[in-house]
Structure formats: structure tokens, C-alpha cells
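**Q** what follows is a predicted structure for the sequence shown.
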Amino acid sequence: MNTEQLFENIKRKGSYLCVGLDTDIRKIPRYLLDATDPVFAFNKEIVDATADVAVAYKPNLAFYEMLGVQGWSSLEKTVNYIRYNHPDIFIIADAKRGDIGNTASMYARAFFDHLDFDAVTVAPYMGEDSVKPFLTYLDRWIVLLALTSNKGAFDFQFMEDKATGEKLFEKVLKTSSQWGTTENMMYVVGATKAEELAGIRQIIPNHFLLVPGVGAQGGSLSEVSKYGMNEQCGLLVNSSRAIIYASDGEDFAEKARENALKVAAEMKEILKLNKLI
Ligand SMILES: O=C(O)c1cc(=O)[nH]c(=O)n1[C@@H]1O[C@H](COP(=O)(O)O)[C@@H](O)[C@H]1O
């Protein structure tokens, strides 16, 4: 999927919601544990209940990897299910990879050749050769961690260059934006750091941003949108727990839908306000 197609989907659905499939087998409704593949059964219901108001899904690999082979199988089935039943959806592997070039190319093959993801999250710490192998695929993306939503973001990401005053996450944005294009690179900026978005938009006005941290982590959708939105929307705002665990009963998919609809309704208003729809 390219930027134009993503923006078209956003306009058509009036939403830039990414639903995070952080499917924790310990949190899903008990009755699903009788299914052959409980994680897939849960994801399928969530996807079918939210696909008309979501433009992206983001399975977080940790929740699948912790189940071993069974988890990997649930992940693969989930990706294939979304791809075939909701082909307009952008699918992000939240894997936070990053390794030397030849290993990175194996990660790229895993997510883009073997699994059919549109994008994978990548950590920038190991630099250009750890990122470039992901950028050789047409219409496939990396989402590079720039400024994360967690407390630990203050450990390194705000460190300032003594000579220039430039913060480390600003350096990451400036340098890495030369490695690819706005058609194969997005950045993660946490919703809890919305006040930094205006400055970030000065450095990368046109890249799409994946913004996690709305919902359970308390980030504000209106603040994120105010400072982060560009002429092609430029935002995918993720919410995981606040949507998928809206209920642990048999009505879990219906309740997830209700919560997704609430966020999407706010997004529609913001898109209208910005004259994008
Ligand atoms: O890369 C991410 O998606 C990510 C980056 C970040 O800075 N903060 C962050 O929370 N995430 C992920 O986004 C999701 C947030 O989940 P909720 O807090 O439940 O909405 C989790 O899968 C996190 O791993």
C-alpha cells in the first residue's frame, strides 16, 4: 500500500485508527479457550467488529511469541485473515527489530516475504545498515522508533548535543529520513509526547507517524492531531487495550466496536475540522 492509498482509506472511513492486536491469552474471554486457536478466534471477532472504522491493525509480536509455535501460527492466520477479508487494511508487525545488515535482511524476509505485513517497527540504534534491508521492498514500510511513549524515553531520547542543542530523537529523524522516502518510512511518536509533535513536523513534515499511547496510556487524540496532522492526515493513531479489552464477556467484540466507534467519531470530527474530508 502506498501513501495515496492509505490516505484514500482514511478519507473513505473518516478514521485514522490503528487497532492494536496485543492479544493476551490470559485476558481474552474464558469461553474462547475452548476454541482450536483461541488467540485467532479472538482476533477474528475483533477484526470483523472494527474493520469498517479502522485503517490499520498492529499485532504486537511479543503477545504471539510468548506462546511459541502456536503463537506464530495464530499470528500468521490473523495476518492472512485480515489480508483476504479486509484487503484495504494496513497491517503493521510491531516487532521492534534492529540488527546488522545480513540479519536485518532475514527479518525483512520474515515479515514481508513469509508473512504478508505492510510494515514492521524497527529500532534505530544500530544505524543505517540495520534499517536499509527493509527498504528494498516495493510498497512495504518500516516504522522507525523516534520518540516513544514510555517513561524510559527520557533515558536517552532527549539527550542534547552540547554544541547544537539537538536532541537525540531529532538527530534520529534528520539522519534516518535520508535513508528512505515518505513512501517507505514512517515514525513512531508516542501520544504521551504530543507537545513535541510541532517540532517533529518541522523536521519531517510529510512522513506518516504511528502514534501509540492513546487510551490506556492516557495520551490525547486532540493534542496529537492538532500538532501532528499534515495535508494527507499523516497519522495512524493506535489504541490496543482500551479497545480490545473493553469487555471480557461474550459481548467483547461488540464492546470493542463501541470503543473503536467512539475514537473514530472523534477522528471524523478532526478530519472535517482540518478540511481533509
Ligand atoms: O511501537 C509501538 O507501537 C509502541 C511504541 C511506543 O512508544 N509505545 C507503545 O506503547 N508502543 C506499542 O503500542 C501499543 C500500546 O498499547 P496500549 O497502551 O494498550 O494502547 C503496545 O503494543 C506497545 O508496545
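**A** Here it is on my side, so go on.

**Q** contacts for the strand or helix carrying residue 9?
**A** For residue 9, the enclosing helix or strand under DSSP states H and E is helix 3-13. Helix 3-13 is contacted from outside by 16, 52-55, 88-90, 182-183, 208, 232-233, 264, 271, 276-277, using CB atoms under 8 Å, 6 or more residues apart in numbering. In this view, the C-beta of every residue, glycine as well, is placed from N, C-alpha and C.

**Q** in three-state terms, label residue 120 for me.
**A** strand (DSSP: H, G, I helix; E, B strand; the rest coil).

**Q** who's in contact with residue 77?
**A** By CB under 8 Å, 6+ apart, the neighbours of residue 77 are 37, 40.

**Q** name the element it belongs to?
**A** Judged by DSSP H and E, residue 77 forms part of helix 69-85.

**Q** helices and strands around the helix or strand following that helix, which ones?
**A** The element immediately downstream of helix 69-85 (helix or strand, assigned by DSSP H and E) is strand 90-97. Helices and strands touching strand 90-97, by 3 or more CB pairs under 8 Å, 6 or more residues apart in numbering; DSSP states H and E, are strand 17-21, strand 56-59, helix 69-85, helix 101-108, strand 119-122.

**Q** closest to residue 27 out of those?
**A** strand 17-21 (12.2 Å; CB to CB).

**Q** now the angle from that closest one to helix 3-13?
**A** 100 degrees (axes from the mean of the first three to the mean of the last three CA atoms, to 10 degrees).

**Q** contacts (any at all) between the ligand and strand 17-21?
**A** Yes - residues of strand 17-21 are located near the ligand by CB under 6 Å from any ligand atom, namely residue 20.

**Q** quick one: contacts of the very next helix or strand once past that strand?
**A** The helix or strand immediately downstream of strand 17-21 is helix 38-50, counting by DSSP H and E. The set of residues external to helix 38-50 that reach it, using CB under 8 Å, 6+ apart, is 17, 19, 21, 23, 25, 28-29, 32, 35, 57, 59, 63-64, 67, 70-71, 73-74, 77-78, 81-82, 85-86, 243-244, 252-254, 256-257, 260.

**Q** what's the end-to-end length of stretch 97-104?
**A** Chord length of stretch 97-104, first to last residue, is 8 Å (CA to CA, to the nearest Å).

**Q** same check, this time on stretch 55-62
**A** 22 Å.

**Q** distance from the chain centre to the lengthiest helix in the chain, please.
**A** Using DSSP state H to define each element, the chain has its longest helix at helix 252-273. Put simply, helix 252-273 sits 17 Å off its chain's centre (CA atoms, centre = their mean, to the nearest Å).
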